[in-house]
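[1] please work out how this folds:
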Amino acid sequence: MASTHTPAHPAGSAAGTQLLDHPRPAESEFATPEAEANRHRMPRQTRGASPLLGVTAVAATLGATGFASATPAAAPAIEAPDETPVGLSADPGLALAARIQQQADGQRTAADETARLQAAKEAEAKAAAKEAEAKKAAAEAEVAKAAALTLPVRDYNLSAHYGQSARYWAHLHTGLDFAADTGTAVYAVGQGTITSAGWSGAYGYRIVETLPDGTEIWYCHLSSIIKGSGQVASGQQIGKVGATGNVTGPHLHLEVRPGGGAPVDPETWLQQRGLNP
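    Predicted coordinates:
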């Protein structure tokens with residue numbers, strides 16, 4: 001029976017060893033300082049869970065010793081922003097509506113302001129017109145007051161008229177006589193200024209009042225003079241009835257002299273102004 005065993009290599013075991021083993025070069029030839037240092041380094045360890053466990057232990061230790069502040073603070077909560085602007089910007093229709101509404105509000109505000117200013121102007125114009133009307137009424141009242149006339153004596157009898165003649169008058173009678181008791185009040189016929197007061201011969205005590213139009217009113221034969229100068233109002237008492245001068249009894253002799261000139265009939269002059277002696 002033939003043998004199946006493969007014959008050994010002629011070189012024997014020495015030869016096999018020689019093929020497998022690489023001869024190590026001499027240290028003197030190839031060794032370097034870096035290579036020599038690498039030969040003595042520890043092998044690199046593979047990363048695992050051990051470092052994490054170490055960090056956890058350190059954190060626990062710090063917390064236990066009172067250094068809790070070393071733990072990072074929790075992040076602040078983030079509030080959700082208002083979604084309205086986002087919605088307006090995201091929806092062109094809503095944005096357009098908002099602009100239209102804003103424009104309408106602006107126009108309404110402008111219209112309200114215009115109406116307010118117009119109302120203020122109208123109120124100011126009404127106030128000015130009312131003030132002007134009041135001033136006009138006051139002026140008219142002043143004119144009416146100046147034009148208002150009154151009779152010089154309240155309780156009297158007409159004892160002589162203008163133009164009469166008598167033996168005790170040197171000329172025709174130049175006035176109108178109001179017979180009344182001595183001391184009866186004598187009033188200013190109209191608003192005016194007393195320009196003269198005192199004794200005047202045959203006229204006795206006399207007061208001359210000048211009206212605004214220049215007409216002079218003479219009040220004669222007075223027993224006393226109460227207002228001898230200055231402004232007087234219509235109906236203001238200026239003297240008292242007497243019998244001074246050339247008289248036969250107590251009475252007021254009234255003369256009217258337009259422009260300070262010649263006398264006219266006092267009765268006619270008073271009647272033309274609404275007074276009936």
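[2] who's in contact with Gly175?
    Ala160, Tyr162, Trp218, Cys220, His253, Leu254, Glu255, Val256, Pro263, Pro266 (Cβ atoms under 8 Å, 6 or more residues apart in numbering). In this view, the C-beta of every residue, glycine as well, is placed from N, C-alpha and C.
[3] rerun at 10 Å
    160-163, 203, 218-220, 252-257, 263-267 (Cβ atoms under 10 Å, 6 or more residues apart in numbering).
[4] other SSEs contacting the longest helix seen in the chain?
    When the chain is parsed with DSSP state H, its longest helix is helix 92-147. Helix 92-147 is packed against helix 83-90, with contacts defined by 3 or more Cβ pairs under 10 Å, 6 or more residues apart in numbering; DSSP states H and E.
[5] and the helix it packs on, what's its mean pLDDT?
    In this model, helix 83-90 has a mean pLDDT of 53.
[6] circling back: which of the contacts of Gly175 count as buried?
    Buried members of these, scored by 16 or more other Cβ atoms under 10 Å, are 160, 162, 203, 218-220, 252-257, 263-264, 266-267.
[7] give me the sheet partners of the helix or strand hosting Val208 and which way each runs.
    Taking DSSP states H and E as the criterion, Val208 maps to strand 205-210. Using DSSP bridges, the strands paired with strand 205-210 are strand 192-199 (antiparallel), strand 216-225 (antiparallel).
[8] which of those sits most buried?
    strand 216-225 (a mean of 22; mean count of other Cβ atoms under 10 Å).
[9] quick check: mean pLDDT across that one?
    Mean predicted confidence for strand 216-225 is 98.
[10] what's downstream of that strand, the next helix or strand?
    Taking DSSP H and E as the definition, the helix or strand right after strand 216-225 is strand 230-232.
[11] that next one pairs with which strands?
    The pairing partners recorded for strand 230-232 under DSSP bridges are strand 192-199 (antiparallel).
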